[in-house]
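A.B. asks: missing the sequence, but the structure's below:
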């Protein structure tokens, strides 16, 4: 996606003159990440310069540094947000703890009502989503974790505004003048809706009196929502829980009459969860990112912007058990000098990503604006494709990722080597699991009973003279695959085709897919595959898993 349109900021803080000690490269890097996020996650480098107002040479250095950090991938003339960037948003969500504590209640309510349920927190004069339990339909909720919406056009907004300060109200009124179409909120279509703004203060007073609020098609026609506050033990609103539906299923009135009581019951359960929650685990050992940053600077010289990398490293100092840190603690966690950590915190506070409270600092929901919304919708196939493409380039052999479907494996990603005689596996193609390397990796990990049940439905015919067809022989092979962690299949699916595969596991250790390298048997011997290809294949699987583990911390990652 490319665009020359500049998205106005929904937050006037960043428009103020920065403090003298602010780190300019960090400000530029965050501007680039905001631009990439607001424009969908993929932007041409020239367009990114026009969007941010930065010179092309600066864009090249910033994106090069972000690519070195694994936060951005450079694809020709485009910059693409990379899954590892989600570690910044993960730091905020882990520090907040609400998704970990309350998501099971939100998911349970969504299952019970068969409607989407969301959790939102305040961010300036807007609301930002921290959890989504979405029902998958043709007409379904498309908002993502991290999306920012104007308070006046939502159901959570009036409830959160009951706790606004005079400064919050002044900022909101100023925005009605400077941005009447809400262009600073890229998650929603531009729309001048003066009624929503004029009635907002009245809706806030109603929400204060009755303890709930409705959105009757204020975001867009057909969408209705009911919201209730979830209060922390101190009585303040920790977040707002919402049930979202479509007018083909519920009117605003039926939403209030039929679903609001169940929503309030769930909110009460959430409040008990917050009251009974044990303290978080002690912080883990300090990160080594500062050392890595110094090494990268020495290797790349002027093309690597160390102050940008160090500033973003400060965000990762926070997390579960580290919701509030002093300057000394940030320096200790990151390995940065106090003066460097201090300047980074000053810059992040100016940009609204950190809030200072006395001697302590906390991350704000604005951290989610650094790539989280588009990346929260990513899939395993999108995560895996660039890694497989690099492996194919390196080995000059075709690679693929497959998932288990019944007694078959289905190709989800395929990267051809472009050779005259090449292995060409179409995405979506299904082949028998028992005769393929990916299939054997996936079957080997199953419990014995489930493995037998799947194989009982397969016709284990001889596809070539070398195909293993006896169940007892296959069981021995699968047990060995499980023990060794890889499978090599030699001309069993097709004459001349040799393939080696390894597993891909999610952050819980569950096998979700297998990746393989395919080649003609004349290219390498089986022994050469194990000696030379297997280490590279395992390294690629580890990189895919690293991205998958970051991405899957707070969102479900579908296969495709």
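C.D. replies: Perfect, thanks for sending it. All values reported here derive from a predicted model rather than from experimental measurement.
A.B. asks: which outside residues touch the helix or strand residue 540 falls within?
C.D. replies: Secondary structure assignment for residue 540, by DSSP states H and E: helix 534-551. Contacts of helix 534-551 from elsewhere in the structure, counted by CB atoms under 8 Å, 6 or more residues apart in numbering, are 82-84, 86-87, 90, 375, 378, 380, 383-384, 387-388, 390-391, 394-395, 399, 485-486, 500-507, 512, 515-517, 557. All C-beta atoms are positioned from the backbone trio N, CA, C, and that covers glycine.
A.B. asks: buried residues, that helix. List them.
C.D. replies: If you call a residue buried by 16 or more other CB atoms under 10 Å, then helix 534-551 has these buried ones: 534, 537, 540-541, 543-551.
A.B. asks: just stretch 433-452 next, same as before
C.D. replies: 433-446, 451.
A.B. asks: please state the offset of it from the chain centre?
C.D. replies: The gap between where stretch 433-452 is centred and where its chain is centred comes out at 30 Å by CA atoms, centre = their mean, to the nearest Å.
A.B. asks: what does stretch 387-406 give?
C.D. replies: Chain-centre distance of stretch 387-406: 23 Å, with CA atoms, centre = their mean.
A.B. asks: mean confidence for it?
C.D. replies: Model confidence over stretch 387-406, given as mean pLDDT, is 96.
A.B. asks: between the two ends of it, what distance do you get?
C.D. replies: 27 Å (CA to CA, to the nearest Å).
A.B. asks: again with stretch 516-529
C.D. replies: Using CA to CA, the end-to-end distance of stretch 516-529 comes to 11 Å.
A.B. asks: then stretch 452-472?
C.D. replies: Span of stretch 452-472 from end to end, CA to CA: 11 Å.
A.B. asks: can you list contacts of that stretch?
C.D. replies: So stretch 452-472 is contacted by 404, 406-408, 432-435, 443, 446, 474, 477, 490-495 (CB under 8 Å, 6+ apart).
A.B. asks: thinking again about what came up before, now, the buried residues of stretch 433-452 that are in helices?
C.D. replies: Using DSSP state H, the subset of the buried residues of stretch 433-452 located in helices is 437-444, 451.
A.B. asks: list just the nearest of those to residue 72.
C.D. replies: Of all these, residue 438 has the smallest distance to residue 72: 30.0 Å, by CB to CB.
A.B. asks: before we move on, the earlier item: pull out the buried members of the contacts of helix 534-551.
C.D. replies: Of the members of those, the ones counted as buried by neighbours, 16+ other CB under 10 Å, are 82-84, 86-87, 90, 375, 378, 380, 383-384, 387-388, 391, 395, 399, 486, 500-506, 512, 515-517, 557.
A.B. asks: mark which of those residues are part of strands, please.
C.D. replies: Judged by DSSP state E, strands contain the following of the buried ones among the contacts of helix 534-551: 399, 500-505, 512, 515-517.
A.B. asks: from these, pick the one nearest residue 266.
C.D. replies: For these, the residue nearest residue 266 by CB to CB is residue 512; the value is 29.9 Å.
A.B. asks: and that closest one, what is it in contact with?
C.D. replies: So residue 512 contacts 380, 403, 504-506, 548, 559 (CB under 8 Å, 6+ apart).
A.B. asks: and residue 37, by the same measure?
C.D. replies: Residue 37 makes contact with 81, 369-374, according to CB under 8 Å, 6+ apart.
A.B. asks: again with residue 76
C.D. replies: The contact partners of residue 76, by CB under 8 Å, 6+ apart, come to none.
A.B. asks: what do you get for residue 45?
C.D. replies: Contact partners of residue 45, counting by CB under 8 Å, 6+ apart, are 56, 59-60, 63, 77-79.
A.B. asks: and if we set it to 6 Å?
C.D. replies: Going by CB atoms under 6 Å, 6 or more residues apart in numbering, residue 45 touches 59, 77, 79.
A.B. asks: give me the phi and psi for the second one.
C.D. replies: Yep, that's residue 77 we're talking about. The phi/psi pair for residue 77 (degrees, to the nearest 10) reads phi -90, psi 10.
A.B. asks: for the first one, same thing?
C.D. replies: Summarising the backbone geometry of residue 59 under the convention degrees, to the nearest 10, its torsions are phi -60, psi -40.
A.B. asks: check the last one too.
C.D. replies: The main-chain torsion angles of residue 79 are listed as degrees, to the nearest 10 and equal phi -110, psi 130.
A.B. asks: how many residues are close by it?
C.D. replies: Using other CB atoms under 10 Å, residue 79 is surrounded by 28 other residues.
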